[in-house]
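Trainee: Model the following, please.
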Amino acid sequence: MVALNEYVLKLPDEIRWDDAAFLAFCRMNDELNIERDAQGNIIVMSPTNTLSGFYENKLLFVLELWNHTAKLGYTFSSSAGFTFKDGSMRAPDASFILKERFDALPDSEKNQFAHIAPDFVAELRSKTDSLKKLQLKMESYIENGVRLGWLIDLAGKEVWVYRQNGTISRVAFTAPKISGEDVLLDFELDLSVFE
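Mentor: Okay, here's the model as predicted:
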């Protein structure tokens, strides 16, 4: 989610934090929502609005409910940050990583912003979020190895589906369900949860 109040702190080239320094900064400021872009800029965001938080929780609930039965991997909330191959650290609203990929990570990676691209990510857009910024974020996820991404546009009442092969499709909330395709096997999200 791109927050209504998002502040980008641009750092001079000579002050580029490595992963350890960035993690320490985030831990020292754990009351803030912080990400890092590919250029090393620090992004500080305000909390999401109440309604967006409600829908984010619904999405996480149905995703985890499916995974509890499927037992294919691990689901993560927007509190979990991941370091991507371009150096950015992002915290999608919801994400999923296949069990064998996550289990292969050393414990040291699991206790920081792990260097792994989730197999699936979702971002929710409220009326106050920039559609263009979120579309660029979704494109970046795919470029960094995410296999399937959903931009759930609460304002536009549609889902933008991003795939590893570069295709993007749009599904209106009037469609009954959206498929997790070959990434979230047998998962279908009933779009009426966003009504």
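
Trainee: Can you name the residues bridging to the nearest residue to E6 once chain neighbours are set aside?
Mentor: Taking CB to CB, 6 or more residues apart in numbering, and ignoring the residues beside it in sequence, E6 has M45 as its nearest neighbour in space, at 4.9 Å. Using the backbone N, CA and C atoms, a C-beta is placed for each residue, glycine as well. Counting by DSSP bridges, M45 forms beta bridges with E6, N33.

Trainee: roughly how far apart are M45 and N29?
Mentor: Going from M45 to N29 by CB to CB, to the nearest Å gives 12 Å.

Trainee: now swap in R16 and tell me
Mentor: R16 sits 18 Å away from N29, taking CB to CB as the criterion.

Trainee: Over to P12?
Mentor: P12 sits 20 Å away from N29, going by CB to CB.

Trainee: So for the two, which sits in the more crowded spot?
Mentor: Legend: neighbour count by other CB atoms under 10 Å for P12 and N29, higher for N29 (12 against 7).

Trainee: Got the phi and psi for S46?
Mentor: Per-residue torsions, S46: phi -80, psi 160 (degrees, to the nearest 10).

Trainee: and it, how many neighbours?
Mentor: For S46, the tally of surrounding residues (other CB under 10 Å) stands at 12.

Trainee: N33 is in contact with that one, correct?
Mentor: Yes - shown here, S46 and N33 form a contact pair, counting by CB atoms under 8 Å, at 7.3 Å.

Trainee: Report the buried residues of stretch 143-153.
Mentor: For stretch 143-153, burial by neighbour count (16 or more other CB atoms under 10 Å) applies to 144, 146-153.

Trainee: List the contacts of it.
Mentor: Under the criterion CB atoms under 8 Å, 6 or more residues apart in numbering, residues 55, 59, 84-86, 88, 117-125, 131, 134-135, 138, 141-142, 159-164, 178, 180-181, 183-184, 189, 194 lie in contact with stretch 143-153.

Trainee: mind redoing it with 6 Å?
Mentor: Contacts to stretch 143-153, defined as CB atoms under 6 Å, 6 or more residues apart in numbering, come from residues 84-86, 117-125, 134, 138, 141, 159-160, 162, 164, 181, 183.

Trainee: D30 - how many residues pack around it?
Mentor: Using other CB under 10 Å, D30 is surrounded by 9 other residues.

Trainee: downstream neighbour of the helix or strand harbouring K132 in the secondary structure list?
Mentor: Assigning secondary structure by DSSP states H and E places K132 in helix 131-143. Counting by DSSP H and E, the next helix or strand C-terminal to helix 131-143 is strand 148-153.

Trainee: Who are the packing partners of the helix ranked longest in the chain?
Mentor: As assigned by DSSP state H, the longest helix anywhere in the chain is helix 50-70. When contacts are defined as 3 or more CB pairs under 6 Å, 6 or more residues apart in numbering; DSSP states H and E, helix 50-70 packs onto strand 73-77, strand 94-98, strand 120-125.
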